[in-house]
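Participant: below: sequence and its predicted model.
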Amino acid sequence: MTDTRAATPAVSKALEASLVVLFVGFLVTALYGGFVPTHRAAAADAVADRAASTAAAAIEDAVPVAASRVSVTRRVSLPERIHGDPYTLSVTDRRLVLDATGARVTIPLVLPERVASIRGTWHSTRRLRVRVTGSDAGISVRLAEVAA
């Protein structure tokens, strides 16, 4: 008869270690397969909403309330990337549009009627500048890029 009592603890520890590795593998797969990507996408959407709201507020605040002859330049700080990718801001029909990978946010701009034109496109790899100029004929608002 052979004595195998010494092998039992080694086999037991090997089984325990393999169960722990298997559990950790399932846990990592479950997190990165479902929960983490969903959470990252939701966080990217929130950052896109916040960036668009900040830009819209800066554009609206740059236009003076009562002045007709104006020359205002404001810099706006926004994140360079959303979800790890650069994005763009543009103006279409008095609406600010943020285009990012997996997110598109449109915010109507509330500007006085004396604002005759608003135009421009901004890429997040550069700094944003809002330029407001005007005379008695009307006010022009332009999104401009400043080299980083």
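Facilitator: Right, received. Where do you want to start?

Participant: just the strands from this protein, written as ranges.
Facilitator: Taking DSSP state E as the criterion, the chain contains strands spanning 70-76, 88-92, 95-100, 103-108, 115-119, 121-123, 127-135, 138-146.

Participant: which one of these lies nearest to residue 32?
Facilitator: If you check each of the strands of the chain against residue 32 by CB to CB, strand 103-108 wins as the nearest, at 21.0 Å. Every C-beta, even on glycine, is put in place using the N, C-alpha and C of the backbone.

Participant: just how off-centre is that closest one within its chain?
Facilitator: For strand 103-108, the distance from its own C-alpha centre to the chain's C-alpha centre is 11 Å (CA atoms, centre = their mean, to the nearest Å).

Participant: list the buried residues in it.
Facilitator: Buried residues in strand 103-108, defined by neighbour count with 16 or more other CB atoms under 10 Å: 103, 105, 107.

Participant: which residue packs closest to residue 87, ignoring adjacent ones?
Facilitator: Taking CB to CB, 6 or more residues apart in numbering as the measure, residue 87 lies nearest to residue 100, with 3.6 Å between them; neighbours along the chain are not counted.

Participant: thought the one you found was touching residue 79?
Facilitator: No - the pair residue 100 and residue 79 does not pass the contact test of CB atoms under 8 Å, sitting 10.0 Å apart.
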